[in-house]
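Asker: Next come a sequence and a model predicted from it.
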Amino acid sequence: MSMLRTWALVGNMPDVAHVHYAPTRHDLIFAAELERLEREQRRYTFRPMLTRSSDEAGQIEHHLFPDMPSNRYAEVAPRVRGLCRRFGLPYNTGRMSRQVGTTMRKIWRYSLPGGEDTVSQAPAIAEAPQAA
């Protein structure tokens, strides 16, 4: 950032294409100053790339479409959500920190005696016949 400020102050800004990655627009560092530089310096281009749209972190989408850029997850999210609803699968949305907290709470609860026993609720598997 200091180099950009110096170039702007001295007046010899070279051709600069600045791609800045951040999860959300709120997380962009120096966003206002970089946008002002783009308006004032004709040779400077600022392109913010948001890696997370809204509050959806794209946990499912990045597994279904590993080669898709993360800024496009929001485009496919409604279709993925619809498929999950159709097949009765959970589709979690919300802040990543909340989802991590929920997962940790479940791990803690299931590890304690008296926690839900998901193994006994699973359908029985037929055993192979024993050799005589």
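Answerer: Alright, I've got the coordinates. For clarity, every value in this text was computed on a predicted model and none was experimentally measured. Numbering: from 1, shown residues only.
Asker: now residue 25, nearest residue through space, not along the chain?
Answerer: Computed as CB to CB, 6 or more residues apart in numbering, the closest residue to residue 25 that is not its neighbour in sequence is residue 50, at 6.3 Å. (Glycine included, C-beta is placed from N, CA and C.)
Asker: Contacts only, for the one you found.
Answerer: Under the criterion of CB atoms under 8 Å, 6 or more residues apart in numbering, the contact partners of residue 50 comprise 22-25, 71.
Asker: For it, give me the pLDDT.
Answerer: We note a pLDDT of 70 for residue 50 in this prediction.
Asker: give me the element the closest residue to residue 38 other than its chain neighbours is part of.
Answerer: In space, not counting the residues next to it along the chain, residue 38 is nearest to residue 46; the distance is 4.3 Å by CB to CB, 6+ apart. Counting by DSSP states H and E, the secondary-structure element that holds residue 46 is strand 44-50.
Asker: buried sites along that strand?
Answerer: Within strand 44-50, the residues that count as buried by 16 or more other CB atoms under 10 Å are 44, 46, 48, 50.
Asker: returning to that earlier point: so what's the residue nearest to residue 38 up against?
Answerer: Remark: with contacts taken as CB under 8 Å, 6+ apart, residue 46 is in contact with 18, 20, 34-35, 37-38.
Asker: where does it sit relative to residue 34, distance-wise?
Answerer: 5 Å (CB to CB, to the nearest Å).
Asker: Overlap of the contact sets of the two?
Answerer: Listed as contacting both residue 46 and residue 34 by CB under 8 Å, 6+ apart are 18, 20.
Asker: what about the helices in the chain?
Answerer: Here the chain has its helices, by DSSP state H, at 2-10, 31-40, 61-64, 73-86, 96-111.
Asker: Quick check: residue 81 touching residue 90?
Answerer: No - checked against CB atoms under 8 Å, the pair residue 81 and residue 90 is beyond contact range at 10.5 Å.
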